[in-house]
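Chemist: Here is my input; please provide its structure:
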Amino acid sequence: MSVAEFILLTLLSFLSSFLLSRAIARNIRSPMLMGVDVHKPNRPHVPKIGGLAFTLGYSAAMILNWFMGGGVAGLVLIVSPIIAAAIGLLEDVKELNPYVKPLLLLLPGIPILILSAYSPYPIIPLLGNIRITIIYPVLMLAAYTVVANAVNSVDVLNGSLALSTLPVLILLAAVSWIEGGLSQALACIVLSASLLGFLRYNWYPARVFSGNIGSNLIAAVITTVAITARIEVVTLVALLPQILNEFFIIVSMGGLKSGKSLAARPIRVVGGMIVSSSKLSDPITLVRLITSQRPMGEADVSKRMALLGVYSSILALITYLIMRVKLA
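Modeler: Modelled structure (predicted):
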């Protein structure tokens, strides 16, 4: 792929996402497709399928990439994310059982299994390649569920999803490029461009929400890149804030439960500021921890979440360099 083609696909994804986000913000009014912005005093209703914009922007660019010779990696980077996004759209329209959703999110891993687009020899820092031929496919399928729930868990504030995952995508793009995974690097850059186009309408005060369709797509792209580029451990480190956030939520809630079914809330809004709950029994979340010292504005909390993404991505880069030294 030439530099001109790379730039063209990136611009296509950005402009498509930007224009579609604007169209969704202006035209979607169906109650079934609207969500409530609970962190605003007037609790406005906002279209909750804004993720459709960057899903289409990403997909269009990656389909063109595949026609230009994207290969097997390019194909699974289209199919797996689209399957995940479709599951997310289903949940946006109809609430899924919290025990059924994890099972459905195993499906995006099926194309990788069918096309054998993986290696059961992950690279571990200081150890090098390890052989887990039998268990790797199981772990790979489970990874889609784990990452999808982890990424979705940070989509709680205006701009928080895009800001917290952009550093991860940029890091994975660089590492994939170094490792020779051009389709994987392109996928990360294209998705980053799509997220920037979407962020114009998702930033505070948001005119569109990402919805499960958006968070599922991002999670599936990240997981597929990690598996096909063989950078699983690097990705795991980069996603530590998201994974730990989901872990704390599950533990503090006593298992897999829908947050909508809980009366206890980890935060509350007072005078337009987000205030951490003082009750020890309330769920532990990243937002609650960030605001535990003092009340903060919604935009400031989202920026802190982005900063955590930068920190974890730096740790992931260090992890990658350690792996390179060992393999050398």
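
Chemist: Quick check: phi and psi at residue 203.
Modeler: Per-residue torsions, residue 203: phi -70, psi 160 (degrees, to the nearest 10).

Chemist: err, residue 34, not the other one
Modeler: Dihedral angles for residue 34 - degrees, to the nearest 10 - are phi -110, psi 140.

Chemist: what about the helices in the stretch 1-150 of the chain?
Modeler: For the stretch 1-150 of the chain, the helices defined by DSSP state H, counting those that start in this stretch cover 3-27, 51-67, 71-93, 100-104, 110-115, 136-152.

Chemist: likewise the stretch 151-300 of the chain?
Modeler: All helices of the stretch 151-300 of the chain, identified by DSSP H, counting those that start in this stretch, fall at 160-178, 182-202, 211-228, 232-238, 240-253, 286-290, 298-327.

Chemist: just so I know, which of those helices lies nearest residue 35?
Modeler: For residue 35, the closest of those is helix 211-228, at 7.5 Å, according to Cβ to Cβ. Where you see a C-beta, it was placed from the backbone N, CA and C, and this is true even at glycine.

Chemist: now for the closest one, which elements pack on it?
Modeler: Under the contact definition 3 or more Cβ pairs under 8 Å, 6 or more residues apart in numbering; DSSP states H and E, helix 211-228 sits against helix 51-67, helix 71-93, helix 110-115, helix 136-152, helix 160-178, helix 182-202, helix 232-238.

Chemist: mind putting those helices in TSV, distance to residue 221, mean pLDDT and mean neighbour count included?
Modeler: Putting the helices and strands packed on helix 211-228 into TSV (distance: least, Cβ to Cβ, whole Å; pLDDT from 0 to 100; neighbours: other Cβ atoms under 10 Å) gives the following:
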stretch	distance to residue 221	mean pLDDT	mean neighbour count
helix 51-67	7	97	24
helix 71-93	5	97	22
helix 110-115	13	97	16
helix 136-152	10	97	21
helix 160-178	8	98	24
helix 182-202	5	98	25
helix 232-238	11	98	23
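
Chemist: Residue 306: which of these is closest?
Modeler: When the helices and strands packed on helix 211-228 are compared by Cβ to Cβ, helix 160-178 sits nearest residue 306, at 3.7 Å.

Chemist: Now do the closest one and helix 136-152, the angle between them.
Modeler: Helix 160-178 runs at 140 degrees relative to helix 136-152, counting by axes from the mean of the first three to the mean of the last three Cα atoms, to 10 degrees.

Chemist: now helix 160-178, how far from the centre of its chain.
Modeler: Helix 160-178 has its C-alpha centroid displaced from the chain centroid by 10 Å (Cα atoms, centre = their mean, to the nearest Å).

Chemist: One more: stretch 98-116?
Modeler: What separates the centre of stretch 98-116 from the centre of its chain is 16 Å, taken as Cα atoms, centre = their mean.

Chemist: Quick one: end-to-end length of that stretch, please.
Modeler: The straight-line separation of the ends of stretch 98-116 (Cα to Cα, to the nearest Å) is 30 Å.

Chemist: Just list the residues touching residue 317, thanks.
Modeler: By Cβ atoms under 8 Å, 6 or more residues apart in numbering, the residues touching residue 317 are 171, 174-175, 234.

Chemist: ok, so of the residues you listed, who is nearest residue 186?
Modeler: Of all the contacts of residue 317, residue 174 has the smallest distance to residue 186: 12.4 Å, by Cβ to Cβ.

Chemist: what's the spacing between that closest one and residue 321?
Modeler: Shown here: residue 174 relative to residue 321, a distance of 12 Å by Cβ to Cβ, to the nearest Å.

Chemist: which non-adjacent residue is nearest residue 23?
Modeler: Nearest residue to residue 23 in three dimensions, chain neighbours excluded: residue 53, at 7.8 Å (Cβ to Cβ, 6 or more residues apart in numbering).
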